[in-house]
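> Here you go, sequence then predicted model.
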Amino acid sequence: MTKQPLIQLALDYFDLAPALAMTQIVRDEVDVIEIGTPLSKSAGMLSVQIVRELCPDKLILADIKSPDVGGGEAKMAFDAGADWMTVLGAAPMDTIKLALEEANSRPGKEMFIELTGIRDIIARAQEWRDIGVERMVYHRGWDEGNLSRSWDKSDWQTIQTLIEMGFKVSVAGGIGLDLIPFFEGLEISVFIIGRAIRETDYPAESARQFRKAIDNISGGR
Ligand code: 5RP
Ligand code: MG
């Protein structure tokens, strides 16, 4: 790998209070704080606003996985203080275009396509590339991870193809320390980690261990 990947902490909470407590414990160890999809639904954009106040110098991603009204939802997330937001890969092309336009009209703001549940990723990816999409989240969904799907060689190959197409790829979905070597050889842009940091006895220490493991496969800092 050439550029050091970023680490993103996913705050997949259903209530705001524990999300804010975890933010304060882990913020110094990560590069990006994610307002998780459940949190963005339970606490809305207030969660983005408060995390922005707690972390003025961090990147914030609002994982709202917008399915429609892309321009309006992107504006809502950016107005609240998010740097990055997500649109569902299953969303219509017009939704993606409108969210992208909103991001491109504001310095430093970026839209990510979220790939949960998309089967024909490479075929769709060329259409997204053609309209100027640069970033995506390659995501083994939470439910499919729990019930039926592990990371395998086909994931590695698809990520590699996306990178070769020019995308900056974030990866997510049940990533634990033991899975980090799986990504060796891929120029991953952002590692998104949720439960494997939050649900440990010492989350800040867990985040540091992720940093070390990621540095190990990417040539150090
Ligand atoms: C669920 C998500 C999660 O944020 C993502 O899966 C990362 O969390 P974890 O590492 O716990 O899987 O977007 O839809
Ligand atoms: Mg998420």
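Looks like it came in fine. Ligands and ions are numbered 1, 2, ... in the order given.
> Longest helix of the protein, counting residues only.
As assigned by DSSP state H, the longest helix anywhere in the chain is helix 203-218.
> Helix or strand with the lowest mean pLDDT in the chain?
Every helix and strand of the chain was ranked by mean pLDDT, DSSP states H and E. The lowest is helix 142-147, at a mean of 87.
> For the residue in the chain that ligand 1 sits nearest to, give me its contacts.
In the chain, no residue comes nearer to ligand 1 than Gly194, which is 2.7 Å away by Cβ to the nearest ligand atom. C-beta here means a position set from N, CA and C on the backbone, and glycine is covered the same way. With contacts taken as Cβ atoms under 8 Å, 6 or more residues apart in numbering, Gly194 has the following neighbours: 9-12, 34, 36, 172.
> can you tell me which of those are up against ligand 1?
When those are checked against ligand 1 using Cβ under 6 Å from any ligand atom, the ones in range are 10, 12, 36, 172.
> measure the third one to ligand 2 for me?
The spacing between Gly36 and ligand 2, counted by Cβ to the ion, to the nearest Å, is 5 Å.
> Over to the first one?
Note on Ala10: its distance to ligand 2, by Cβ to the ion, is 5 Å.
> Help me confirm that that residue is found in a helix?
No: according to DSSP: H, G, I helix; E, B strand; the rest coil, Ala10 belongs to no helix; its state is strand.
> near ligand 2, anything from the lengthiest strand in the chain?
Secondary structure assigned by DSSP state E gives strand 59-66 as the longest strand of the chain. Yes: contact between strand 59-66 and ligand 2, assessed by Cβ under 5 Å from the ion, occurs at Asp63.
> between the next helix or strand after that strand and strand 59-66, what angle do the directions make?
Scanning forward in sequence from strand 59-66, with DSSP states H and E defining helices and strands, the next element found is helix 70-80. An angle of 150 degrees separates the directions of helix 70-80 and strand 59-66 when computed by axes from the mean of the first three to the mean of the last three Cα atoms, to 10 degrees.
> pretty sure Ala99 is in a strand, no?
No: when the secondary structure is assigned by three-state DSSP, Ala99 falls in helix instead of a strand.
> does ligand 1 sit close to the longest strand of the chain?
Yes: for strand 59-66, a contact with ligand 1 is found by Cβ under 6 Å from any ligand atom, at Asp63.
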